[in-house]
Structures are given as structure tokens and as C-alpha cells.
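In: build me a structure from this.
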Amino acid sequence: MPEGARGAGRNLTVPPGKVLVALLAALLLAGCSSEPLNPEPPQRFDLSGTWLLQADLSDAPPNPKGYGAEPPVPTDGQSRSRRTSPRSRGGLAFVAHDFPVLVAQRMSIEQNRDSMGIEYDRGAYRDVSWGLRTRGLWEVDAGWDDAGQLVMRWKASDARALEVMSLSPDSEQLTVMLQIRTGEQNVEVRRVFTRL
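Out: Numbers count the residues shown, from 1 in each chain. Coordinates of the predicted model:
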């Protein structure tokens, strides 16, 4: 093997643990993208409470500025979400706005029989109702998969997102896997929280 080829091979080495995590995440997200979701929460799946980010177990949030221009400012009094699609809002520059879990250090969740409200530490708030709903530009299907994970499928005219929330067996750790695709760009992030 030529010397240059050996050196190049060493630079491309990825730790086996990272490869395994990436493969598991891809399989998890691929499996959740098509199966029908159950609108009834599994027994003991309750996210109510306050959750604190475990930075050492989580991916760093993406830098929205690296994915395109800032979203345009509405000029006629309409909200940005009513005027523009995700791609026209600067590619993935919209991710922190539409998916605040990406940058949250803390979240407070109130869950009831048919929905939950999530308050994020940076002032963002999101309501999630089980079943199929329209939320701004997005059509969102939320429910549980066969593995007992809360799955939210987000669909817009030019973007797709998949958000999967899974609880540890003792219900004290919450893992959020988020995959967002718009045009040629995509983000895949894992965020881990523990219950306070």
C-alpha cells in the first residue's frame, strides 16, 4: 500500500463507539418513520417534571448560522411562520426556533391524557397533542411506537423532521433523538436529560 494511502486511512478512523451510536440512531429513526403510531401513552410513560441537560451525554447543538442566512423579517404584519417555508427561512437556520430542544439546557413538561406542554429555559413553549395536527407550516403526527417511545413526525412542503423521546427503565433519564432534513441539508442530534 502506498505511504500516502496508509496515512489517509489513519485520519479517517472513527472510534467504534461513535459508529455504533450513529448506526443505532439511524436504525431507530428509520424504523420510526413509517409505522402507525398509537395515540395512547404506554403505562408509566409520564414526562411530567423538570429535566436538566446532561451535556457530557449529548451532542452539541448545531450552529444555525452554518446552515444559511437568517430568516427574512416579515414586512406586512404576518408572522414569519405564516409567510415562509422552512427552506425559504434560510435552510436550517430555523432549527432552534422550531425545535428548541436543540439548545435547551432545561425543560419543564406537563403531560396529561391527550397532550403535553413543554416550557424551555430560553422562553420557548410548545404544545404537543397526540395524533395528527397542523402546527404552523408543519403537519405533526405524534404518538407511541411499538418500543414505547414517543415519536413526532414533522412534515412541511420542503422539510421533514423526526423527533423521538425515550425514557430509561427507571423513568429518570430522557433521550431525545432529532433528525431534520430540508433540501440538501440535514441535522441529526441526540440530547439527554435527567429528571430533577
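
In: which intervals of the chain have sub-threshold pLDDT?
Out: 1-34, 64-94 (pLDDT under 70).

In: just the strands in it please.
Out: Ranges of strands in the chain, per DSSP state E, are 49-53, 106-111, 115-120, 125-129, 131-135, 138-144, 150-156, 159-167, 173-182, 185-195.

In: spatially nearest residue to L57 (excluding sequence neighbours)?
Out: Leaving aside its sequence neighbours, L57 sits nearest to V192 (CB to CB, 6 or more residues apart in numbering; 4.0 Å). Just so you know, the C-beta spots here come from the backbone N, C-alpha and C atoms, and that holds for glycine as well.

In: what does M177 give?
Out: V164 (4.5 Å).

In: what distance do you get for the one you found to N63?
Out: 23 Å (CB to CB, to the nearest Å).

In: more neighbours: which of those two?
Out: V164 (23 against 11; other CB atoms under 10 Å).

In: beta partners for that one?
Out: Beta-bridge partners of V164, counted by DSSP bridges, are V151, M177.

In: hmm, it is touching G148, no?
Out: No. Counting by CB atoms under 8 Å, V164 does not reach G148; the two are 11.1 Å apart.

In: so who does the closest residue to E40 other than its chain neighbours touch?
Out: Leaving aside its sequence neighbours, E40 sits nearest to W144 (CB to CB, 6+ apart; 7.3 Å). By CB atoms under 8 Å, 6 or more residues apart in numbering, the contact set of W144 is 37-42, 45, 150-151.

In: likewise M165?
Out: Taking CB under 8 Å, 6+ apart, we find M165 in contact with 47, 149-152, 174-176.

In: again, 7 Å this time
Out: By CB atoms under 7 Å, 6 or more residues apart in numbering, the contact list for M165 reads 149-150, 174, 176.

In: now swap in P36 and tell me
Out: P36 neighbours (CB under 7 Å, 6+ apart): none.

In: what residues are up against E119?
Out: When contacts are counted by CB under 7 Å, 6+ apart, E119 touches 107-108, 125.

In: mind doing that once more with 10 Å?
Out: Contact partners of E119, counting by CB atoms under 10 Å, 6 or more residues apart in numbering, are 50, 100, 104, 106-110, 125-126.

In: with neighbour count and distance to E184 added, can I get those residues in a markdown table?
Out: Below are the contacts of E119 laid out as a markdown table (neighbours: other CB atoms under 10 Å; distance: CB to CB, whole Å):
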| residue | neighbour count | distance to E184 |
| --- | --- | --- |
| T50 | 14 | 38 |
| P100 | 19 | 24 |
| A104 | 22 | 27 |
| R106 | 14 | 33 |
| M107 | 23 | 31 |
| S108 | 15 | 36 |
| I109 | 20 | 34 |
| E110 | 13 | 38 |
| Y125 | 10 | 31 |
| R126 | 16 | 27 |
